[in-house]
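K.L.:
sequence first, predicted coordinates after that:
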Amino acid sequence: MFKIPDKIEYALPDPFYLEDTEQGPQRTSIRDKIVREIASNILIHREYTNGFPAKIIIERKRIYSENANRPHDHGLIDLNNFSPFPKNPNIAREFKETGMADEMGSGVRNLLKYVQIYANTKPQLFDEDVFKLIVPIPDFSFGENDIVNEPINLTLEQKQILLEIKKDPKITKPQLEEILGKSRATVTRYISELRKKGLLEREGSNKNGKWVIIKKMTDKNQHGWQRKGK
């Protein structure tokens with residue numbers, strides 16, 4: 001089974017997404033789907049007689065891979081009108097038999113599908129001597145009126161909670177448990193830590209109230225908080 005490396009899990013946001021399946025709507029990690037297809041593409045389509053090292057590089061606004069290749073089409077691949085070409089049919093067959101890949105061409109179709117959901121745009125695939133695959137990373141950060149450039153360190157889960165609350169201030173703890181894949185006690189602890197840091201408040205009752213993210217002043221205020229410059 002393909003396991004996403006911890007460094008990629010930490011570096012790439014993983015927004016909540018429900019996908020329709022035969023068993024009904026189920027949460028799907030779009031990030032994991034995309035990284036899985038990138039890694040599978042490297043292994044299945046690599047030109048193994050070439051010593052060029054395979055790479056997966058994460059930058060602020062994109063994740064991209066480079067891999068030794070034996071080009072077939074040359075140039076930017078038209079994802080709406082491409083013909084799958086088996087570069088390593090024996091390896092592809094092994095991936096299919098072990099359930100790590102479907103039929104030929106499914107990887108590109110999956111990549112196109114999930115990148116459009118994730119980033120609202122298409123990936124770019126360049127079929128050259130060095131095959132290059134580029135996936136844009138959308139900006140999931142807060143806006144200028146939200147939490148930025150402050151000395152408080154937040155865990156990935158705490159950031160995810162704040163992002164979900166920003167989207168839906170009335171979100172419930174059970175919903176956060178589902179999104180984060182954590183227990184009630186763990187989610188309660190994360191929220192308690194955010195409240196102690198002065199980043200989160202609760203308005204109203206537990207049943208009908210809402211969460212409020214505490215916004216910092218533009219300039220240093222009496223607490224010494226600071227925000228992006230004017």
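P.N.:
Arrived safely.

K.L.:
rest of the way, CA atoms for contacts and neighbours
P.N.:
Will do.

K.L.:
care to break this structure down by domain?
P.N.:
By the assignment in automatic domain parsing, the chain contains the domains 6-136, 142-230.

K.L.:
with mean pLDDT as new columns, can the ones you listed be given to me in TSV?
P.N.:
Output for the domains of the chain, formatted as TSV (pLDDT from 0 to 100):
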stretch	mean pLDDT
domain 6-136	86
domain 142-230	73
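
K.L.:
dump the ones you listed to a markdown table, plus mean neighbour count.
P.N.:
Shown next, in a markdown table, are those (neighbours: other Cα atoms under 10 Å):
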| stretch | mean neighbour count |
| --- | --- |
| domain 6-136 | 16 |
| domain 142-230 | 14 |
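
K.L.:
assumed Ile161 was part of a helix.
P.N.:
Yes. Ile161: assigned to a helix according to DSSP: H, G, I helix; E, B strand; the rest coil.

K.L.:
what's the helix or strand for the closest residue to it other than its chain neighbours?
P.N.:
The shortest distance from Ile161 to any non-neighbouring residue, by Cα to Cα, 6 or more residues apart in numbering, is to Leu176 (7.1 Å). Assigned by DSSP states H and E, Leu176 belongs to helix 173-180.

K.L.:
following that helix, which helix or strand comes up?
P.N.:
According to DSSP H and E, the helix or strand after helix 173-180 is helix 184-196.

K.L.:
following that next one, which helix or strand comes up?
P.N.:
Per DSSP H and E, the first helix or strand lying C-terminal to helix 184-196 is strand 200-203.

K.L.:
got the residue ranges for the strands in the protein?
P.N.:
18-21, 24-27, 55-58, 62-68, 75-76, 124-127, 130-136, 200-203, 210-213 (DSSP state E).

K.L.:
now for these, which one comes closest to Leu43?
P.N.:
Of all these, it is strand 62-68 that lies closest to Leu43, at 9.1 Å by Cα to Cα.

K.L.:
and the angle from the longest helix seen in the chain to strand 130-136?
P.N.:
When the chain is parsed with DSSP state H, its longest helix is helix 30-45. For helix 30-45 against strand 130-136, the angle by axes from the mean of the first three to the mean of the last three Cα atoms, to 10 degrees is 170 degrees.

K.L.:
what is the orientation angle of helix 30-45 with strand 62-68?
P.N.:
Going by the same axes, to 10 degrees, helix 30-45 makes 10 degrees with strand 62-68.

K.L.:
and the spatially closest residue to Asp139 that is not a sequence neighbour, what does it touch?
P.N.:
Nearest non-adjacent residue to Asp139, counting by Cα to Cα, 6+ apart: Lys61, 7.6 Å away. Lys61 makes contacts with Pro136, Ile137, Pro138, Asp139, as judged by Cα atoms under 8 Å, 6 or more residues apart in numbering.

K.L.:
make it 10 Å
P.N.:
Residues near Lys61 by Cα atoms under 10 Å, 6 or more residues apart in numbering: Val135, Pro136, Ile137, Pro138, Asp139.

K.L.:
which ones are touching Ile56?
P.N.:
Taking Cα under 10 Å, 6+ apart, one finds 8, 35, 38-39, 42, 63-67, 132-134 in contact with Ile56.

K.L.:
whoops, Phe82 was the one
P.N.:
With contact set as Cα under 10 Å, 6+ apart, Phe82 has these partners: Asp73, Gly105, Val108.
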